[in-house]
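> Fold the stuff below for me.
(one chain, ligands or ions: 1)
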Amino acid sequence: MTIVTNKAELQAKLNIHRESGLTIGFVPTMGALHDGHMALVRMANRQCDVVLVSIFVNPTQFNNPHDLSNYPRQIDADIALLSGNASEVIVFLPEVEEMYPPNEQVIQYDLNGFDLVMEGEKRPGHFQGVAAVVDRFFKMVGPCKAYFGEKDFQQLTIIRHIAQLYHSEISIVGVTTRREADGLAMSSRNMLLTPEQRNDAPVIYESLLRFVRNVHAGASVRDCKNAFIETVEQRRTMSVGYIELADETDLSLVNHPIDTGRLFTAVYAGNVRLIDNVAL
Ligand code: AMP
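Numbering: from 1, shown residues only. Just a heads-up that it's a prediction; the model follows:
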């Protein structure tokens, strides 16, 4: 495993690998790694010769300063986890100034309106921040396969769009959501949950699955949404931010079942925001 902290060093290492004909798999993360991240790393490992993992808590995608300061950071444990990996792994740990040089211009990205619903609507500026950091990473890294989780499905859609517009040299690979044994989607934020919140949190996935079953049995989307909110909020620690059915091809919200439908939710456990989604 090699650890690099600046762009020039990173590019020098990647160029050596490329010159020897090796392919690069890139896994961007914000650290506090768990098995969901490792599923991306394993997939990259299977499909590419060299795996690059970045760990960078991107300030521009946090619309809430408290969320940014509270975000879990555990770099030593992350490095220990990644060092157990058999193949060649490069870990990139940039400082904020490396990603956002003070004199560099801030661009507004064309996100095709994908940022106007759900996470984008509730977290103004969040996806512009994601686009800014991903665009910078893609420019630094160059041709590669880049791995992103379906856990953040709206983000994955936006990143596919950015890659199509600005980075034809990058191919995007989506990876299915890894879950705990009780169904809770793995997330770095799960470690911020109190024992009581953690105990209640599986209700999110259970209720998404119930929504899917009931829609297929003929219930209306409206009734299923109400039932979802009621069931989740029966747990005193949980409150629903949104529950939406959208077309997974373009994220347009729909009120009736469609073949390409996907359910999206954000649920608050106190201040901790948990998101999840499942195909209809
Ligand atoms: P994050 O560190 O939360 O920014 O996540 C880094 C990458 O890991 C993103 O592409 C996420 O979608 C992905 N990811 C996070 N949690 C999971 C999970 N439970 N299953 C699969 N991928 C995940």
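> Mind naming the longest helix for the chain?
Using DSSP state H to define each element, the chain has its longest helix at helix 126-141.
> tell me what the next helix or strand after that helix is packed against?
With elements assigned by DSSP states H and E, the helix or strand that comes after helix 126-141 is strand 144-149. Judged by 3 or more C-beta pairs under 8 Å, 6 or more residues apart in numbering; DSSP states H and E, strand 144-149 is in contact with strand 24-29, helix 35-47, helix 153-166, strand 170-175. For glycine as for every other residue, the C-beta is placed from the backbone atoms N, C-alpha and C.
> does the first one come close to the ligand?
Yes - part of strand 24-29 sits near the ligand under the criterion C-beta under 6 Å from any ligand atom, namely Thr29.
> okay, the angle between that strand and helix 126-141?
If you take axes from the mean of the first three to the mean of the last three C-alpha atoms, to 10 degrees, strand 24-29 sits at 150 degrees to helix 126-141.
> So which of the helices and strands packed on strand 144-149 is the most surrounded?
strand 24-29 (a mean of 25; mean count of other C-beta atoms under 10 Å).
> Can you pull out the low-pLDDT segments for the chain?
Within the chain, the ranges that satisfy pLDDT under 70 run 85-86.
> Quick one: name the residues of it near the ligand.
So far as C-beta under 6 Å from any ligand atom goes, the chain lies against the ligand at 29-30, 36-37, 39-40, 148-149, 151-152, 175, 177-178, 185-188.
> Let's see that with 5 Å instead.
Contacts of the chain with the ligand, taken as C-beta under 5 Å from any ligand atom, map to Thr29, Met30, Gly36, His37, Phe148, Gly149, Lys151, Asp152, Thr177, Arg178, Ala185, Met186.
> For Ile24, give me its contacts.
Applying C-beta atoms under 8 Å, 6 or more residues apart in numbering, we find Ile24 in contact with 14, 17-18, 48-52, 141-145.
> Show me the beta-bridge partners of it.
Beta-bridge pairing for Ile24 (DSSP bridges): Val50.
> how much space between it and the ligand?
Ile24 sits 16 Å away from the ligand, taking C-beta to the nearest ligand atom, to the nearest Å as the criterion.
> Could you list the domains of the chain?
2-175, 188-279 (automatic domain parsing).
> which non-adjacent residue is nearest Val41?
Nearest non-adjacent residue to Val41, counting by C-beta to C-beta, 6 or more residues apart in numbering: Val27, 5.5 Å away.
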